[in-house]
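# Dropping the sequence and predicted coords here.
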Amino acid sequence: GDSVTQMEGPVTLSEEAFLTINCTYTATGYPSLFWYVQYPGEGLQLLLKATKADDKGSNKGFEATYRKETTSFHLEKGSVQVSDSAVYFCALSTSNDYKLSFGAGTTVTVRA
Amino acid sequence: DAGVTQSPTHLIKTRGQQVTLRCSPKSGHDTVSWYQQALGQGPQFIFQYYEEEERQRGNFPDRFSGHQFPNYSSELNVNALLLGDSALYLCASSSGTGRPGNTIYFGEGSWLTVV
């Protein structure tokens, strides 16, 4: 079946540090890949997505590139802010499926 | 424009009881999915409703059932509650085919505690 494995947290960083959260996947079909973010007390929000190999998704300074050869979709941000503190989820869906399959989430805390 | 709204936001139930959670999709959306998010875990897909029919179901027992109304709103029902059903229940809406390649919007969820 489809599955997503992402870096375990929690991750604690100082402001302006570089953030990377690793995500790898296995999929039965050709997946679309997503990063969702859950801020404290809020629902899940789509952060970025990529629907085919070598696509780069980007939003709010975050980027992730769909790497089919390594089945990865790592999330990066060059300079984090306190407001980036949240739980980040990597997810996938395949073209023959209606559901999203999520990783376990990575909690990121950014300290001033 | 209201996003996805869910009710109630928090509730406490006793083992063996039944619960109903409600969801109104984002305006213009006709597809509703439900997810269970246990503490410290990623959301797990329960089922998806489209045109008032269950279109796909995840690996959840029959105690979990749902309904979609003609106005596209939806209910999630859980019977014979177990302690392990304690979780955040998320509703997600989308339009058209319901494929996650389309943008999906999530509600803030309903926190269920079973004691």
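Sure thing, it's come through.
# Any figure for the gap between A:Thr71 and B:Glu53?
Taking Cβ to Cβ, to the nearest Å as the measure, A:Thr71 falls 34 Å from B:Glu53. C-betas here are computed from N, CA, C, even on glycine.
# Let me fix that, I meant to ask about A:Lys68.
34 Å.
# The two: which has the busier surroundings?
A:Lys68 (12 against 8; other Cβ atoms under 10 Å in any protein chain shown).
# Give me the contacts around the worst-scoring helix or strand of chain B on mean pLDDT.
Of all helical and strand segments in chain B, the minimum by mean pLDDT, DSSP states H and E falls on strand B:105-106, at a mean of 90. With Cβ atoms under 8 Å, 6 or more residues apart in numbering or on different chains as the test, strand B:105-106 has contacts from A:36, A:43-45, B:3-4, B:25-26, B:29, B:90-94.
# Which members of those residues are classed as buried?
Listed as buried from the contacts of strand B:105-106 are A:Tyr36, A:Gly43, A:Leu44, B:Val4, B:Pro25, B:Lys26, B:His29, B:Leu90, B:Cys91, B:Ala92, B:Ser93, B:Ser94; burial here means 16 or more other Cβ atoms under 10 Å in any protein chain shown.
# Now the one residue sitting closest to the centre of chain B: which helix or strand?
In chain B, the residue lying closest to the centroid (Cα atoms, centre = their mean) is B:Trp34, at 3.0 Å. Assigned by DSSP states H and E, B:Trp34 belongs to strand B:31-37.
# got the residues of chain B near chain A?
For chain B, the residues in contact with chain A (Cβ under 8 Å from any Cβ of the partner chain) are B:4, B:33, B:35, B:40-45, B:48, B:55-56, B:58, B:90, B:92, B:98-101, B:103-104, B:106-109.
# Which of those residues fall in strands?
Applying DSSP state E to those, the entries found in strands are B:Ser33, B:Tyr35, B:Gln44, B:Phe45, B:Gln48, B:Arg55, B:Gln56, B:Leu90, B:Ala92, B:Phe106.
# Report the beta-bridge partners for the second one.
When you say that, I think you mean B:Tyr35. B:Tyr35 has these beta-bridge partners by DSSP bridges: B:Phe45, B:Leu90.
# Got the confidence number for it?
We have a pLDDT of 97 for B:Tyr35.
# That one - how many residues pack around it?
By other Cβ under 10 Å, 25 other residues sit near B:Tyr35.
# State the distance from it to B:Val4.
With distances taken as Cβ to Cβ, B:Tyr35 is found 12 Å from B:Val4.
# Tell me the residues that contact both of these two, please.
Common contact partners of B:Tyr35 and B:Val4 (Cβ under 8 Å, 6+ apart): B:Cys91, B:Ala92.
# ok so, going back, so in that sheet, which strands flank the helix or strand that the least confident helix or strand of chain B is followed by, and in what orientation?
Scanning forward in sequence from strand B:105-106 by DSSP H and E, the next helix or strand is strand B:110-114. With DSSP bridges as the test, strand B:110-114 is paired with strand B:10-13 (parallel), strand B:87-94 (antiparallel).
# which parts of strand B:110-114 are buried?
Within strand B:110-114, the residues scored as buried using 16+ other Cβ under 10 Å are B:Ser110, B:Trp111, B:Leu112, B:Val114.
# what does stretch A:18-28 give?
Per 16+ other Cβ under 10 Å, stretch A:18-28 contains these buried residues: A:Leu19, A:Ile21, A:Asn22, A:Cys23, A:Thr24, A:Tyr25, A:Ala27.
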